[in-house]
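>>> fold the following for me, if possible:
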Amino acid sequence: MTMSSSVPYLLRAVYDWILDNGFTPYLVVDAAVDGTVVPLEYVKDGQIVLNISPTAIRDLKMTSESVEFSGRFSGTAYLVYAPMEAILGVVAKENGEGMWFPREEAAGPPLAPGPSKGPPELKVVK
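Next up is the predicted model:
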């Protein structure tokens, strides 16, 4: 039996931590992931960085499957939708602290029983 992804839980926790410390949470999204809806004119090198502070956006929803909200880009309202697989990280604008999430690898053949490799390494921006 496999466990669900930890990314939605960690994303919510780090988002709250950044806000609790009085900083601005920025969401980094891979715009090339299927189902991602972002304003393409703001995508650079396949990624977009989005200010997701409560004063910058409306109707933020973070579920196990996605992040979505309404935001304004150059004065135009836009509905942003990012599947959880597209979320690369969440960091504080002011100092870069936050968390980067590992990319989900395509499922391969089952591993042979053996010693555990441990959890994948998460990169924390300092």
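
>>> and the gap between the residue nearest the centre of the chain and residue 77?
Among the residues of the chain, the smallest C-alpha distance to the mean C-alpha position (Cα atoms, centre = their mean) belongs to residue 87, namely 3.0 Å. For residue 87, the distance to residue 77 under the criterion Cβ to Cβ, to the nearest Å works out to 22 Å. In short, each C-beta sits where N, CA and C put it, glycine included.

>>> ok, which stretches of this protein are strands?
Secondary structure of the chain (DSSP state E): strands at 25-30, 47-51, 57-62, 66-73, 76-83, 87-92, 98-100.

>>> counting contacts, what elements does the last one pack onto?
Applying 3 or more Cβ pairs under 8 Å, 6 or more residues apart in numbering; DSSP states H and E, one finds that strand 98-100 contacts helix 7-20, strand 25-30, strand 87-92.

>>> repeat that with 6 Å
Packed against strand 98-100 by the contact rule (3 or more Cβ pairs under 6 Å, 6 or more residues apart in numbering; DSSP states H and E) you find strand 87-92.

>>> for residue 91, name its beta-bridge partners.
With DSSP bridges as the criterion, residue 91 is bridged to residue 26, residue 98.

>>> thought residue 100 was touching it, still the case?
No - taking contacts as Cβ atoms under 6 Å, residue 91 lies outside contact range of residue 100: 8.0 Å.

>>> okay, the two: which has more neighbours?
Between residue 91 and residue 100, counted using other Cβ atoms under 10 Å, the more crowded position is residue 91 (23 against 15).

>>> measure the residue lying closest to residue 10 once chain neighbours are set aside to residue 13 for me?
Sequence neighbours aside, residue 99 is the residue nearest to residue 10 in space, at 6.1 Å (criterion: Cβ to Cβ, 6 or more residues apart in numbering). Counting by Cβ to Cβ, the gap from residue 99 to residue 13 is 9 Å.
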